[in-house]
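Trainee: coords please:
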Amino acid sequence: MQRLTSSSRFAILLFVLLYSLVWGTSSVSADSPPRQTTITISYIEHEWWLIKWYDNTIFCRIFIDHEGLPTSEEVSQNCGFDTYQTWIGTPPCNITTDSSKSSSTCLGVYLHKIGFSPKQKDVIITLPDMSVSVSLDGCEQASLENHCPELPHLFITAEEPLPNYFISNIEGNYNGLAFSCPGASCLIPLQATPLAGESIEFWATSSFGDTSPHYTARVRVIDTGVANSPERSGWYVDVLSSQWKGAPLASCAQTWQTFPPVGSPPSWLSTPEHSDLIASDQPYYYLAGRLIKMGVVNAVDCPSGGLLPNGYANTCGLEKSRQLVEEWQNKFDDQIIQTAQEYDVPAQLMKNLFAQESQFWPGVFKVPYEYGLGQLTENGADTLLLWDANFFNQFCPLVLYQDACDQGYLNLQEKDQAILRGALALTAKSDCSVCPTGIDLTNVYFSLGLFASTIKANCDQVAQIVYNASLEMPGEVSNYEDLWRFTLANYHAGPGCLSFAIYMAYAENGELTWENVTPQFTEPCQGVIPYVEKIAR
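Mentor: Residues are numbered from 1 along each chain as shown. Predicted coordinates for the structure are as follows:
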C-alpha cells in the first residue's frame, strides 16, 4: 500500500499544516476572555551578577527564583542574547601563584552570586473551562441505525468545575429560533428534518461571569416510513457534533461532517455483533500457495507440488488446500470484530481490505518490505505518524529519545523520520521461522489495532485532501460512502494519486462522487479502481 514519491510527501506536509487550521477545533470561540485568576505567592529571589574578568565591571544582573546556577535561558532572557554568547564563549580563567598573572588578564565574563531575599509576585492561573455536551433524551440508541420509536429531545448539559460557581443558563439557536434554558440542562424537542439535517448552535453561561465556546451540531431526523411494525416504526436520528455524548457515531462521520446512509449502513461498512456474519469462503490461490509452501498442506501428488512458478497454488493445489484456506481466511474474524468496535472502523471493510492486500497471509512474500494482513509499508506508516498525534506520542519514545519526540513528527530530521517509519512498519511483520505455520499469530492479532489506526489516519487525510480541492467540508461536496471509497484509494495508492483526481474532478463537476473521480486517476494510478470496487461491495 502507498508507494509515494518525494513530491507526494511534500504535499502531505502541506496537508497537515492546513489540517490543524481547519479541523483543529469544531467549536466557534465565544467573545469571553480566557478563564484566569491572579494569586500572590511568596518566594526567595536569588541575585547573580555577570562580571568582566578584566576590570570587575558589572556586565549584567540576573534574578532567579530557584537554587543553583542560572540556566542558559535565564541568562539570555535577563541579559540579552549577545551577552549570553559572550558568557557561553568565555574560556576558563587559570590564575596561578605567579604574581605577574591575575584575573585582569582573563577574557570574558563570569557569574557571581550576590545574595538572596524574600519576595512576592503575582501569578496568573488558568482555570478549567466549563464542559458542554449534547445527547438524546427519550431514545435508547442500541445500534448504528440510531432508531428511535418516538421523536426524542436533544439534551444539552453543562458542568461548572469551579467550586462556588454554577451554570446559570444554556442558550442557542435551532431552526432559526433562539432558545434559553435556566440552569445546567436544556431539552430541545426535535422534528423531522431534510436529509441534509439542520444546524444547531449552543453554549453555556456561568455565574463566574463568562460564556463557554459556541458549539455546533447537525441533527438529522428521518421517518422510518414503516407504520405497521412497532419494532421498525419511528425515526432515524443522527447527530454530528464534537460535543456528542450519545451512542457512537458512524466511523469518520464527525471527521467528514457528513451523515451515513439513513438506517443501516451498507454491508461493506458494517460491524456485525457476531463473526459469523463476516465469514467468507473464497478460493484464494495465493493463500493456498503459501500454506502449501510452508508445509501446512501436503500437495506432493499434485503437478509441481501444487504450486505455480509465481508461488500461487495451481488448481490441484487449491483443491488440496480448500478446507484449510476457508479456515484460515476466517481465523482472525473474532479479533477483527473486537478491533473494529474498539477503534471505530467498519469490521467488514477491514476484512475486505485484508482480502485484497494479502489474501489473509500476513507473511512477507509477494512484495518485500510490505508487512502484515494489510501490507503496511514505510509510506503507510508515514500516514499514521503524520495524522495521528496520539499514536506518534506513544510510539516515538519507544524508538527515539524523548527530546527528539517532543519536537513532533514534522520537525524531526528526515533520518529520524525514516527510522520511525521503518520501525513502525516492522511491527506488523509476522514471519516466524520457529512457528508451526511460519507465522507469529500473536503478532498478527496485535497488528490489527495498528491497521485500524492507519485506516482512520487515511480518513483524516482524505478530509484534508477534499477540503484543499473544494474549500468545503467533505460532507458538503461528497457523501459518506464515497468518502470511504476515497479513503481506500488513499490507503492503497497514496495521496499523490488521490489528490490529483479529487482536484480535477471537483474543478470539472463541482462535486465529488466515485463515478466522477475515477476517470481522473492517471494511468499509473488506475489499478486503485478495481481495488476499491472489490472492497466496497
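Trainee: And for residue 263, the neighbour number?
Mentor: Neighbouring residues of residue 263 were enumerated by other C-beta atoms under 10 Å; the total is 14. Every residue, glycine included, has its C-beta placed from N, CA and C.
Trainee: That should have said residue 80, apologies.
Mentor: When neighbours are defined as other C-beta under 10 Å, residue 80 has 12 of them.
Trainee: Buried residues of stretch 403-416, list them for me.
Mentor: Judged by neighbour count (16 or more other C-beta atoms under 10 Å), stretch 403-416 contains these buried residues: 404, 405, 409, 412, 416.
Trainee: Does the fourth one touch residue 404 like I think?
Mentor: Yes - shown here, residue 412 and residue 404 form a contact pair, counting by C-beta atoms under 8 Å, at 6.3 Å.
Trainee: which residues touch residue 418?
Mentor: By C-beta atoms under 8 Å, 6 or more residues apart in numbering, the residues touching residue 418 are residue 378.
Trainee: What pLDDT is listed against it?
Mentor: Reported pLDDT at residue 418 in the predicted model: 95.
Trainee: Look up how far residue 392 lies from it.
Mentor: Distance, residue 418 to residue 392, using C-beta to C-beta, to the nearest Å: 15 Å.
Trainee: Contacts only, for the closest residue to residue 272 other than its chain neighbours.
Mentor: If the residues on either side of it in the chain are set aside, residue 272 comes closest to residue 278, at 6.4 Å by C-beta to C-beta, 6 or more residues apart in numbering. Under the criterion of C-beta under 8 Å, 6+ apart, the contact list for residue 278 reads 272, 333, 336, 337, 347, 348, 351.
Trainee: Isn't the fifth one up against residue 269?
Mentor: No - with contact defined as C-beta under 8 Å, residue 347 and residue 269 do not form a contacting pair (9.4 Å).
Trainee: now do the same end-to-end measure for stretch 357-372.
Mentor: 9 Å (C-alpha to C-alpha, to the nearest Å).
Trainee: What mean pLDDT does it get?
Mentor: Stretch 357-372 shows a mean pLDDT of 88.
Trainee: How about residues contacting it?
Mentor: The contact list for stretch 357-372, computed with C-beta under 8 Å, 6+ apart, reads 1, 284, 286-287, 290, 311, 328-329, 331-332, 354, 373-378, 425-426, 428-431, 438-439, 444, 447, 450-451, 492.
Trainee: Now list the buried members of these.
Mentor: 1, 284, 286-287, 290, 328-329, 331-332, 354, 373-378, 425, 428-430, 438-439, 444, 447, 450-451, 492.
Trainee: Distance check, residue 162 against residue 502.
Mentor: The separation that residue 162 has from residue 502, given C-beta to C-beta, amounts to 46 Å.
Trainee: which helix is the longest one in this structure?
Mentor: For the chain, the helix with the greatest residue count under DSSP state H is helix 441-470.
Trainee: tell me what that one is packed against?
Mentor: With contacts taken as 3 or more C-beta pairs under 8 Å, 6 or more residues apart in numbering; DSSP states H and E, helix 441-470 sits against helix 6-22, helix 253-256, helix 333-343, helix 347-358, helix 378-387, helix 474-477, helix 480-493, helix 495-509.
Trainee: what number of residues lie near residue 171?
Mentor: Here the neighbour count serves as a burial measure; for residue 171 (other C-beta under 10 Å) it reads 18.
Trainee: helix or strand for it, which one?
Mentor: For residue 171, the enclosing helix or strand under DSSP states H and E is strand 167-174.
Trainee: wait, isn't residue 343 in contact with residue 453?
Mentor: Yes - Residue 343 sits in contact with residue 453 when judged by C-beta under 8 Å, with a separation of 6.5 Å.
Trainee: mind listing what the residue nearest the centre of the chain touches?
Mentor: Residue closest to the average C-alpha location in the chain (C-alpha atoms, centre = their mean): residue 388, at 3.3 Å. For residue 388, the set of contacting residues under the criterion of C-beta under 8 Å, 6+ apart consists of 453, 456, 457, 460.
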